[in-house]
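*Asks:* Structure here, sequence nowhere to be found:
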């Protein structure tokens, strides 16, 4: 009887391990609570390693040796598979390549509101990284304009755009675009909320003369248990914004690559867009929360782009930890494809 119980527990444990390691295979990557668990792949891997150690210690006792070794085997397989996924997505580089004449650098930073991260600090970071596009979820237009003014005084002018759906900083998203990319305007449906993410706003900016990429500053609602459907709807809406040939989308998606499975078309990961950090070797670095080490956090902030762009480098700026926000800035350098 005990042997049968051990086999049953091992089978159930193996199924659970498979679900959190390959959630998209079971089509549960956007269901509660799997979505929350798989957000932290490194911690899941560490949990399997810890369970492996416990199982090997239990294997010393002869009566439970077979059961313990079975559990240990499952832990090894799950930990190795999870670690390989992390390595494949990239654990990062410390610098970007030299910026060329056609290069476009995109920075996204959920600033957690103007009182958390100062306009001066945002401006200094954007100028230091030579950013041409800056997506700032949870940032009011007042803070965005202060950032643009500070950047102009540093010799790096930017135009400030925004959307808002409420009175709080979290209800605003600001988008800064270099004049070198041309004139841009936020589309009416994005500005008035008739077509937008559900709870916190995103900004869709179009080139006024029709030349250049569509630029989206994205902010999806967090996948709290009470907001799971809104979160799923937001990811689908963001995927729909990546339907054109030339799109750059950056922001706080509150989702990892795992959550985007089956939302891509024409070879993309989210609509026709690809995760540029994963392409250039930083896709597994944690951008949230700053309380966790960068190798243990969740990569929920992204720069996405269609095939019109090639990612040649990306960095997550852990040096900004402690400046106020619970997110880390992500900076990606893009080059026109071909």
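*Replies:* It's in. Quick caveat: nothing in here was measured; it's all calculated off a predicted structure. Numbering: from 1, shown residues only.
*Asks:* okay, CA-based contacts and neighbour counts for the rest of this
*Replies:* Noted.
*Asks:* can you pull out the strands in the chain?
*Replies:* 104-108, 133-137, 159-164, 172-177, 184-186, 203-207, 214-219, 247-252, 263-264, 270-271, 274-275, 301-305, 309-316, 330-336 (DSSP state E).
*Asks:* ok, which stretches of the chain are helices?
*Replies:* Counting by DSSP state H, the segments of the chain that form helices are 2-21, 34-38, 41-58, 65-89, 119-128, 141-153, 188-192, 228-241, 276-279.
*Asks:* Nearest approach to residue 171 belongs to which of these?
*Replies:* Taking Cα to Cα, helix 141-153 is the member of the helices of the chain nearest to residue 171, at 11.0 Å.
*Asks:* residues contacting the spatially closest residue to residue 262 that is not a sequence neighbour?
*Replies:* Leaving aside its sequence neighbours, residue 262 sits nearest to residue 269 (Cα to Cα, 6 or more residues apart in numbering; 7.6 Å). With contacts defined as Cα atoms under 8 Å, 6 or more residues apart in numbering, residue 269 is in contact with 257, 260-263, 275.
*Asks:* What lies in contact with stretch 317-327?
*Replies:* Contacts to stretch 317-327, defined as Cα under 8 Å, 6+ apart, come from residues 109-113, 116-117, 121, 287-291, 294, 328-331.
*Asks:* tell me what the least confident helix or strand in the chain by mean pLDDT is packed against?
*Replies:* For the chain, counting by mean pLDDT, DSSP states H and E, helix 188-192 ranks last in confidence among helices and strands (a mean of 84). Applying 3 or more Cα pairs under 8 Å, 6 or more residues apart in numbering; DSSP states H and E, one finds that helix 188-192 contacts strand 159-164, strand 203-207.
*Asks:* Show me which positions of it end up buried.
*Replies:* 190-191 (16 or more other Cα atoms under 10 Å).
*Asks:* So which residues make contact with that helix?
*Replies:* Applying Cα under 8 Å, 6+ apart, the set of residues contacting helix 188-192 is 162-164, 195-196, 202-204.
*Asks:* let's see it at 7 Å
*Replies:* 163, 195-196, 203-204 (Cα atoms under 7 Å, 6 or more residues apart in numbering).
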